[in-house]
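Visitor: Have a look at this prediction, sequence included:
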Amino acid sequence: MSAPQQANHVVVQADGGSRGNPGPAGYGAVVFDDQGAVLAERAASIGRATNNVAEYGGLIAGLEAALELGAVTVAVQMDSKLVVEQMSGRWKVKHPDIKPLASRAAGLVAQFERVTFDWLPRARNAHADRLANEAMDAAAEGRVWTVATTDTPAEPDPAAALPHPRDGHPTRFLVIRHGETTFGAQGRFTGREDVPLTDRGGRQATAAADRVAPLAPAVVLTSPLLRCRDTAAVVAGRARVPVVLDDRLVDEALGEWTGRRMAEIEVDWPDVVADWRRDPAAAPPGGESFTQVRDRVRSLLTELLRTYRGHTVVLVTHAAVAKMILTTALQVDPSTAYRLRVDTGSMSAFTVDQDGGVVVWAVNETGHLD
């Protein structure tokens, strides 16, 4: 095995859980470098235990992996408020099963120059969550399971997300809009600004994942922006399929309108807004028009029909892009987008038959959301 890659600063994301609390339990942990590349994975089934015991197991495994990598400083991120608060010293450790685990974790923390603990929404902890769930599945079946140790980042395998074409089967597209964002909750135009999901957005991502998983997708393609990547990670983790980034799914560029509220925009650019609301070829100052978005979407769909023929493909993207995908599928003028609504966390869907016939069977489906 190759020597572990050295990294001065790393991010550890960890998770754990059980089926029943207590019940069959497992944990997962991932170590990232400061650019987001995976340096190590750790996971194991641990028999019968509580959620909190499993969560501490994930933390300990992640810290041990960080030590093996020679890390000096560590940012620990978990969706367990209890572990974060206890390890930060704000909450006391009272449960007798947790005390020795917290003590062991503290001993590991002392070996680094600095360790911080931060809570993050479950949607942004999808990698560790997936590993923990695989470990829990093994524990529920009475199997002892550990993830294959990864101490160097794997090279992307372009063939991993390319299933064999299935002749005689329709190709199905599931279009998911990302969960709610911080800008969206404030009524601000987001565009290419890379903002995170809110807690509600994380819940929407989980609900979308629950809706999509039974439809057995082969792959999840996503916009490279954080809000979509985090949503896609949850969807792909639940379905256990690969994620592929594609720039053609990125949000409409909004130029000078980025971060602004519509009321402000209407005051500063009244004539431009009026044109933008009725003409799909009009664009915000320094931005992109619906027509331009549709052009890149068309090329993407053509490519996907060839690459994933006969499979189900998930596209995690933004409202404007989803609308242009739908107008393309419906073979209608892009101005039809003004009559379409695409909510955060929603699913729209269509099927393309072998002869090229298209049936749109869902638009802005939100029944799976709260």
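Guide: That came through, no problem.

Visitor: burial of the nearest residue to H311 once chain neighbours are set aside, as a residue count?
Guide: Nearest residue to H311, sequence neighbours excluded (CB to CB, 6 or more residues apart in numbering): A218, at 3.9 Å. Using the backbone N, CA and C atoms, a C-beta is placed for each residue, glycine as well. Per other CB atoms under 10 Å, the neighbour tally for A218 reads 20.

Visitor: Quickly note the distance from A218 to P285.
Guide: Between A218 and P285 the computed distance is 40 Å (CB to CB, to the nearest Å).

Visitor: buried set for the lengthiest strand in the chain?
Guide: If you go by DSSP state E, the chain has its longest strand at strand 38-49. Neighbour-count burial for strand 38-49, counted by 16 or more other CB atoms under 10 Å, picks out 39-46, 49.

Visitor: same thing with stretch 279-292?
Guide: So stretch 279-292, judged by 16+ other CB under 10 Å, has buried residues 280, 282-284, 287-290, 292.

Visitor: before we move on, what about stretch 302-316?
Guide: Within stretch 302-316, the residues scored as buried using 16+ other CB under 10 Å are 304-305, 307-316.

Visitor: shouldn't L226 be in contact with E193?
Guide: No. With contacts counted by CB atoms under 8 Å, L226 stays clear of E193, the gap being 9.7 Å.

Visitor: For the residue of the chain most remote from its centre, what is the enclosing helix or strand?
Guide: Ranking residues of the chain by C-alpha distance from their mean position (CA atoms, centre = their mean) puts D271 at the top, at 37.6 Å. According to DSSP states H and E, D271 maps onto helix 270-276.

Visitor: Now do that helix: which elements does it pack against?
Guide: Using 3 or more CB pairs under 8 Å, 6 or more residues apart in numbering; DSSP states H and E, the elements in contact with helix 270-276 are helix 262-268.

Visitor: Going by contacts, tell me the helices and strands next to the helix it packs on.
Guide: Helix 262-268 packs on helix 270-276, going by 3+ CB pairs under 8 Å, 6+ apart.

Visitor: Now do the buried residues in the helix it packs on.
Guide: Neighbour counts over helix 270-276 (16+ other CB under 10 Å) mark 272-273, 276 as buried.

Visitor: and if you look at stretch 347-361?
Guide: 347-350, 352.

Visitor: I'd like the distance between the closest residue to R294 other than its chain neighbours and G367.
Guide: Closest residue to R294 apart from its sequence neighbours, by CB to CB, 6+ apart: M324 at 4.2 Å. Look at M324 and G367: by CB to CB, they are 24 Å apart.

Visitor: So those two - more neighbours on which side?
Guide: M324 (28 against 9).

Visitor: Hmm, the more buried one is touching F290, no?
Guide: Yes. Between M324 and F290 there is a contact under CB under 8 Å: 6.3 Å.

Visitor: Now do the shared contacts for the two.
Guide: 334, 337 (CB atoms under 8 Å, 6 or more residues apart in numbering).

Visitor: how does this structure divide up, domain by domain?
Guide: 9-140, 158-365 (automatic domain parsing).

Visitor: I'd like those domains as CSV, with mean pLDDT appended.
Guide: What follows is these, written out as CSV (pLDDT from 0 to 100):
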stretch, mean pLDDT
domain 9-140, 90
domain 158-365, 92
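
Visitor: Out of the ones you listed, which one sits most buried?
Guide: Using mean count of other CB atoms under 10 Å, the stretch among the domains of the chain with the largest mean neighbour count is domain 9-140, at a mean of 20.

Visitor: Could you tell me how far that one lies from the centre of the chain?
Guide: 19 Å (CA atoms, centre = their mean, to the nearest Å).

Visitor: First-to-last residue distance for it?
Guide: Domain 9-140 has an end-to-end distance of 36 Å (criterion: CA to CA, to the nearest Å).

Visitor: ditto for stretch 344-358
Guide: End-to-end distance of stretch 344-358 (CA to CA): 24 Å.

Visitor: Contact partners for A281?
Guide: Going by CB under 8 Å, 6+ apart, the list of residues near A281 reads 289-291.

Visitor: That one: what secondary structure?
Guide: coil (DSSP: H, G, I helix; E, B strand; the rest coil).

Visitor: residues contacting the residue nearest to the spatial centre of the chain?
Guide: The C-alpha lying nearest the average C-alpha coordinate of the chain belongs to D230 (CA atoms, centre = their mean; 2.3 Å). By CB under 8 Å, 6+ apart, the contact list for D230 reads 123-124, 126, 178-179, 196-197, 202, 205.

Visitor: if we can go back for a sec, summarise which helices and strands the longest strand of the chain is packed against.
Guide: strand 9-18, strand 23-32, helix 51-68, helix 126-140.

Visitor: what about the ones you listed, which gets the closest to V109?
Guide: Set against V109 and scored by CB to CB, these come closest in helix 51-68, at 6.8 Å.

Visitor: quick one: strands adjacent to the helix or strand following the closest one?
Guide: The helix or strand immediately downstream of helix 51-68 is strand 73-78, counting by DSSP H and E. When pairing is defined by DSSP bridges, strand 73-78 lines up against strand 9-18 (parallel), strand 114-119 (parallel).
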